[in-house]
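> Dropping a prediction and its sequence here:
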Amino acid sequence: AQSVTQLGSHVSVSEGALVLLRCNYSSSVPPYLFWYVQYPNQGLQLLLKYTTGATLVKGINGFEAEFKKSETSFHLTKPSAHMSDAAEYFCAVSPPYNQGGKLIFGQGTELSVKP
Amino acid sequence: KAGVTQTPRYLIKTRGQQVTLSCSPISGHRSVSWYQQTPGQGLQFLFEYFSETQRNKGNFPGRFSGRQFSNSRSEMNVSTLELGDSALYLCASSLPLTGAANEKLFFGSGTQLSVL
């Protein structure tokens, strides 16, 4: 069965510092991987996704993630944190033979940004 | 283009009651998925509908059911509510033209259900 593990339920960084949110997955087949962000009292918004091709994926708001098959990882990074990045971030994997709509999410990482 | 709309935004029910939540997808989207979000269990997939047919189902008891109408709007129903059903219920829509597993999901803001 596929699963997603996000290391660290809470991450705190200073404004301008590097953001690194960790995600490891388990999958018996090449996965589709996603990062979503959830702001307070809102639904989830897609930041970026990996399907095939280039392993470094660029998303919205300056975020990017690198798919590393050998490490089964898909960590999310941003070079310089902004106060508006404070939110909860979810890594997700799409199961094989998924006809659509079903994602397996990690437990989430809450990002705090200090001024 | 309007986003995914979920109604109502908040609901308070008592144990044993039933509840119906509504979701209107983005115009043109034919797939609607439902998720339950709780602090303890996180985000869990409930089911997905495409062209009025349930295609995917998560590991929830039969008290949780859903349906989709010809205009792609969807409803989910929870019968015989339990305290543990208190959660944020999120609806998401996507095209997908061919049922692709890598389709982007567009989420609504959710319905916060409290069971007393």
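In hand now; what should we look at? The model shown is predicted, which means the values in this text are computed figures rather than measured ones.

> rest of the way, CA atoms for contacts and neighbours
OK.

> Determine the number of other residues adjacent to the closest residue to chain A within chain B.
Nearest residue of chain B to chain A, counting by C-alpha to the nearest C-alpha: residue B:109, 4.1 Å away. Counted with other C-alpha atoms under 10 Å in any protein chain shown, residues neighbouring residue B:109 total 23.

> what's the answer for the one 5 residues further on, then?
Other residues near residue B:114 come to 19 when the count uses other C-alpha under 10 Å.

> before we move on, what about residue B:111?
23.

> and it, bridged to which residues?
residue B:89 (DSSP bridges).

> which residues does residue A:39 contact?
Contact partners of residue A:39, counting by C-alpha atoms under 8 Å, 6 or more residues apart in numbering or on different chains, are A:86-88.

> Format those as CSV; extra columns: distance to chain B and secondary structure.
As requested, these are exported to CSV (distance: C-alpha to the nearest C-alpha, whole Å; DSSP: H, G, I helix; E, B strand; the rest coil):
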residue, distance to chain B, secondary structure
A:86, 18, coil
A:87, 15, strand
A:88, 12, strand
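
> before we move on, back to that, helix or strand: which one has the residue of chain B closest to chain A?
Residue B:109 belongs to no helix or strand when assigned by DSSP states H and E.

> in whatever helix or strand residue B:43 lives in, what counts as buried?
Using DSSP H and E, residue B:43 sits within strand B:42-50. Neighbour-count burial for strand B:42-50, counted by 16 or more other C-alpha atoms under 10 Å in any protein chain shown, picks out B:43-50.

> how far out from the middle of the chain is that strand?
7 Å (C-alpha atoms, centre = their mean, to the nearest Å).
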